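*Asks:* kindly generate the corresponding structure for this input.
(one chain, ligands or ions: 1)
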Amino acid sequence: MAAERMDGADLANRIREEIAGEVSSFVSQTGVRPGLAAVLVGENPASQVYVRNKRKACQTVGIHDVLIQMPAATTQAELLAEVDRLNADPQIHGILVQLPLPTGLDELEVLDRIHPLKDVDGFHAENLGRLASGRPRLVPCTPLGVREMLIRTGIQTRGRHAVVVGRSNIVGKPMALLLLQKGPGGDATVTVAHTATPDLPSVTRQADILVVAAGRPEIVQADWVKPGAVVIDVGIHRKADGSLCGDVSPAVASVAGWLSPVPGGVGPMTVTMLLHNTLLAARLQTQASTPA
Ligand code: NAP
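*Replies:* This next block holds a predicted model:
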């Protein structure tokens, strides 16, 4: 039997409608419109598309959005000065520095310069540390989107074996930490695999829930998956013919119980969680500036 399709695009649209309503109530209650600044350095075409999609999504839910475009020759000092300016701007509640930055710029220093309450990507060491210590605040958008897909599809994670392939700070590690948290979408027994993991298929076959974020086109084959498993494909790649594929082979649909498609799976959920985080950041900053 073919796997059920975990439709991230449809879910994302429904969540965006909810967020639009919440933004509207927040504006009426506080007089503050949540604002997001996207900082794009250089001319990377994929980054330009990502930023355009994120800005469009902001507009659909009533979030004020600003694009800061900087040349590829921008220096570290100039970029840090721009982040400082946005940190001090009361109309901006979320700052997103689109990665990758051009060679020569220090990404970690830039990400750690963003005020932790404006860190809507959740990449600041303070926010990752809070997640690791079980006190999540602003959580990276892609793993947050995956967790939301699991919860809203009614997938039980408690007590189940989740295998995450990939240990990046952006996807794999925070994904594993979310699956480990106590509560909805968590309480799983978690294994994290990476390039030093021997015999990867024997590890992925143990998964009740398999999240693949390896960045390797269609690496996960049908015989890597336990029958009936929930498979979430985070990867996204453009093939030579221009079409998109993920880290999971389409043949996995004949074995899995659930499979998220590429495109139309995790991607739209990631953008939606950016909207969620921007509203959350605006709430946190509004509370922080309210006298006790
Ligand atoms: P990344 O930084 O390149 O990390 C890839 C991880 O996968 C690394 O930890 C690497 O292990 C591991 N890995 C690579 N090849 C492997 C193999 N053959 N066996 C086992 N582990 C392997 O990538 P990322 O930023 O996490 O992104 C992963 C994928 O998700 C990419 O395709 C990216 O485009 C996609 N992505 C999609 C979205 C979305 O919204 N849909 C968002 C973010 C990323 P080592 O640490 O040992 O090198």
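*Asks:* which residues of the stretch 101-250 of the chain lie near the ligand?
*Replies:* Counting by Cβ under 6 Å from any ligand atom, the stretch 101-250 of the chain comes close to the ligand at 142, 165-168, 170-172, 193-197, 200, 213-216, 219, 234-236. The C-beta positions use only the backbone N, C-alpha and C, and glycine is treated the same way.
*Asks:* C-terminal to the host helix or strand of Glu126, what's the next element?
*Replies:* For Glu126, the element it lies in under DSSP states H and E is helix 125-132. Downstream of helix 125-132, the first helix or strand assigned by DSSP H and E is helix 141-152.
*Asks:* angle of the helix or strand that that next one is followed by against helix 141-152?
*Replies:* Heading C-terminal from helix 141-152, the first helix or strand you meet, by DSSP H and E, is strand 161-165. Using axes from the mean of the first three to the mean of the last three Cα atoms, to 10 degrees, the inter-axis angle of strand 161-165 relative to helix 141-152 is 150 degrees.
*Asks:* what about strand 161-165, distance to the chain center?
*Replies:* Centroid separation between strand 161-165 and its chain, computed with Cα atoms, centre = their mean, to the nearest Å, is 17 Å.
*Asks:* what helices and strands are in contact with it?
*Replies:* helix 172-180, strand 189-193, helix 200-204, strand 209-212 (3 or more Cβ pairs under 8 Å, 6 or more residues apart in numbering; DSSP states H and E).
*Asks:* that strand vs helix 172-180, what angle?
*Replies:* 170 degrees.
*Asks:* direction included, what does strand 161-165 pair against?
*Replies:* Strand pairing for strand 161-165, determined by DSSP bridges: strand 189-193 (parallel), strand 209-212 (parallel).
*Asks:* just how off-centre is the last one within its chain?
*Replies:* Taking Cα atoms, centre = their mean, the mean C-alpha location of strand 209-212 is offset from the chain mean by 15 Å.
*Asks:* one more: the longest one?
*Replies:* The chain centre lies 19 Å from the centre of strand 189-193; the measure is Cα atoms, centre = their mean.
*Asks:* ok, and the closest non-adjacent residue to the most centrally placed residue in the chain?
*Replies:* When the chain is reduced to its mean C-alpha position, the nearest residue by Cα atoms, centre = their mean turns out to be Thr142, at 1.8 Å. Spatial nearest neighbour of Thr142, chain neighbours left out: Thr270 (4.6 Å); criterion: Cβ to Cβ, 6 or more residues apart in numbering.
*Asks:* for the one you found, give me its contacts.
*Replies:* Contacts here follow Cβ atoms under 8 Å, 6 or more residues apart in numbering; on that basis Thr270 touches 141-142, 145.
*Asks:* which residues are in contact with stretch 194-211?
*Replies:* Contacts for stretch 194-211 (Cβ under 8 Å, 6+ apart): 146, 150, 155, 157, 160-167, 172, 175, 179, 188, 191, 193, 212, 220-221, 223-226, 229-232, 234.
*Asks:* what's the mean pLDDT across it?
*Replies:* Averaging pLDDT along stretch 194-211 gives 98.
*Asks:* same question, stretch 68-83
*Replies:* The average pLDDT for stretch 68-83 rounds to 98.
*Asks:* list the buried residues of it.
*Replies:* Buried residues in stretch 68-83, counted by 16 or more other Cβ atoms under 10 Å: 68, 70, 74, 79, 82-83.
*Asks:* check stretch 81-101 too.
*Replies:* If you call a residue buried by 16+ other Cβ under 10 Å, then stretch 81-101 has these buried ones: 82-83, 86, 92-98, 101.
*Asks:* can you give me the end-to-end distance of that stretch?
*Replies:* Using Cα to Cα, to the nearest Å, the end-to-end distance of stretch 81-101 comes to 16 Å.
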